[in-house]
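1. the following block contains a protein sequence and its predicted model.
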Amino acid sequence: MKKALIHIGLIFTFIIIYLLQSIFFSGFTIAGVMPNIFIILMLYIGLYMGRTTGFIYGMIFGIFIDIWIGQTLGLTSFVLALIGTISGMLDRTFSKDSRIIVILMGVACTIIYEVTLYFLQFMINGINVEIFEFIKILLIEIVYNTLLIIILYPLMKFTGYEIENEVKGDKILTRYF
């Protein structure tokens, strides 16, 4: 029952983040750049629920974003699934207890997301390559996402460990037997 509530809560969180992204943060842009809260959500899901769940949620959420925004179907879903998978793999390598490590993970995920999406859009849609403009957008988005991770980290950590205990369970004894 708790697992179903967790998944329903993540779906509502996605809807709230979509509304925040499209309504609230559109008024708080720097040089036309908004933060990408979906990257933070996929980092959160991957870190606390695992890479498989991160991949699945990345695909589902990405398809909805592609449908709502009207981009090429599948690009955002592929890249968000990649971020969810990478976040799940980072869980085993680095500690989630350190705010600095989570911030660096967020920076890395933002870079991977933007570079991969830009490359895929170049390959599929043939967009013009403007490296300096892209780097400016990337740096502003990194600053935005870093500030949001700093603000949201206590909430992410508290709810994340609760979700992790419920989804992954306490498997300490199964390691030894």
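-> Perfect, thanks for sending it. Just so you know, these numbers come straight off a predicted model, no measurement behind them. Numbers count the residues shown, from 1 in each chain.

2. from T93, how far out is T76?
-> As judged by C-beta to C-beta, to the nearest Å, T76 and T93 stand 26 Å apart. For glycine as for every other residue, the C-beta is placed from the backbone atoms N, C-alpha and C.

3. which of the two has more neighbours?
-> Using other C-beta atoms under 10 Å as the criterion, T76 and T93 rank with T76 on top: 25 against 8.

4. now do the same for the more buried one: its pLDDT.
-> Per-residue pLDDT puts T76 at 90.

5. flag every buried residue along the helix or strand hosting it.
-> Per DSSP states H and E: T76 is located in helix 75-93. For helix 75-93, a neighbour-count test (16 or more other C-beta atoms under 10 Å) marks 75-88, 90-91 as buried.

6. what does stretch 14-29 give?
-> Buried residues in stretch 14-29, counted by 16+ other C-beta under 10 Å: 14, 17-18, 21, 25.

7. export those residues as CSV, with columns for secondary structure.
-> Below are the buried residues of stretch 14-29 laid out as CSV (DSSP: H, G, I helix; E, B strand; the rest coil):
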residue, secondary structure
F14, helix
I17, helix
Y18, helix
Q21, helix
F25, helix
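
8. got those residues as a markdown table, with distance to G160 columns?
-> Converted to a markdown table, these look like this (distance: C-beta to C-beta, whole Å):
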| residue | distance to G160 |
| --- | --- |
| F14 | 16 |
| I17 | 16 |
| Y18 | 21 |
| Q21 | 21 |
| F25 | 23 |
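
9. possible to save the residues you listed as JSON lines with distance to I45 and pLDDT?
-> What follows is those, written out as JSON lines (distance: C-beta to C-beta, whole Å; pLDDT from 0 to 100):
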{"residue": "F14", "distance to I45": "10", "pLDDT": "94"}
{"residue": "I17", "distance to I45": "12", "pLDDT": "92"}
{"residue": "Y18", "distance to I45": "15", "pLDDT": "91"}
{"residue": "Q21", "distance to I45": "16", "pLDDT": "87"}
{"residue": "F25", "distance to I45": "20", "pLDDT": "82"}
